[in-house]
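Peer 1: Sequence first, then the predicted structure:
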Amino acid sequence: MSGRTSARARATVHGTGGETVVLVPGGGGSGAIWEHHQVPALTASGYQAVTVDHPDGPGAPPLSAVELAASVRESVQALGLPPCRLIGHSFGALAVQELLLDAPQLATQAVLAATRGRPDPVGVAMHRAEQEHTGQELRLPPAYEAFVRLTQNLSPRTLADEAATEEWLDMFEVAALFALSADPDRDPRHRVHPLTRDRLPAYPAIATPVLVIGFADDLLAPARLGREVADAVPGARYLELSDCGHLGFLERPAAFNEAVLGFFTTSPPLPGGPRAL
């Protein structure tokens, strides 16, 4: 699906008219990841979808969630958008959470997928491992990186489907090869974002209607940590999707999209109409 791209905003607009939904990808991803399933579902339902890219390209230092939140805000302002519905995945969800605290006038509703509000032992161990890997300036061969991403991001149910596993492996390896050609001296997928701080004590201040979606087989952002975020945000809803891992919005896109669209329909956005950014 084609869209209008804003170089200044690092964002692509899909569809015309209707209410706007801004989609923020996880770390190492680009806005294009939403174009497979979420953008078509949103535009078919009458929304305008805006997919946001991370500004930290090859060679740039990794952003914190606060810095990514600021970049998303700049993107929305550059496009002249009114207050929007927001969807964030993983690191992108952490950025959306910061936006809901620091710029609540930006959002009318928010969906947080595969999120967390604090570090956990597995996440800390992975962060340390990535730091050591990056510090030694080692690069995983594309086939090995594809295997690692496969096992980290998908559910046992998907991995039991041999045809699906082959397709995912091919996709991950192509992505690794593309990263290698784009930045032969350094793999941007292994740049390490700052470790998540414990932000749960701050979340009771969030007043925006929120839906947290956890993925039952998520190794990188365990569903129980997402439930903690929902418990901390006043009035937030929580939904857990079975048989999907960290990339649950791609593993079970129909169920994910149904949950998002249902939330947008049944949970009224903040009243008062458009507000100044």
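Peer 2: Yep, it's here.
Peer 1: doesn't residue 62 fall inside a strand?
Peer 2: No: judged by DSSP: H, G, I helix; E, B strand; the rest coil, residue 62 forms no part of a strand; its state is coil.
Peer 1: and it, how many neighbours?
Peer 2: 17 (other Cβ atoms under 10 Å). C-betas here are computed from N, CA, C, even on glycine.
Peer 1: Tell me, what's the model's pLDDT at it?
Peer 2: Predicted confidence (pLDDT) for residue 62: 75.
Peer 1: my read: it touches residue 130, true?
Peer 2: No: counting by Cβ atoms under 8 Å, residue 62 stays clear of residue 130, with 10.2 Å between them.
Peer 1: Show me the strands in the stretch 151-277 of the chain, by range?
Peer 2: With strands called from DSSP state E, counting those that start in this stretch, the stretch 151-277 of the chain shows them at 210-215, 237-241.
Peer 1: Just name the most buried of these.
Peer 2: Mean neighbour count (mean count of other Cβ atoms under 10 Å) peaks for strand 210-215 among these, with a mean of 27.
Peer 1: between it and strand 237-241, what angle do the directions make?
Peer 2: Here the directions of strand 210-215 and strand 237-241 differ by 20 degrees (axes from the mean of the first three to the mean of the last three Cα atoms, to 10 degrees).
Peer 1: Tell me which strands strand 210-215 pairs with, and in which orientation.
Peer 2: strand 107-113 (parallel), strand 237-241 (parallel) (DSSP bridges).
Peer 1: Next, format the ones you listed as TSV and append distance to residue 49 and mean pLDDT.
Peer 2: Formatted as TSV, the strands paired with strand 210-215 follow (distance: least, Cβ to Cβ, whole Å; pLDDT from 0 to 100):
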stretch	distance to residue 49	mean pLDDT
strand 107-113	13	97
strand 237-241	21	98
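Peer 1: Adding distance to residue 145, write these out as JSON lines.
Peer 2: Listed next are these as JSON lines, based on distance: least, Cβ to Cβ, whole Å:
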{"stretch": "strand 107-113", "distance to residue 145": "23"}
{"stretch": "strand 237-241", "distance to residue 145": "26"}
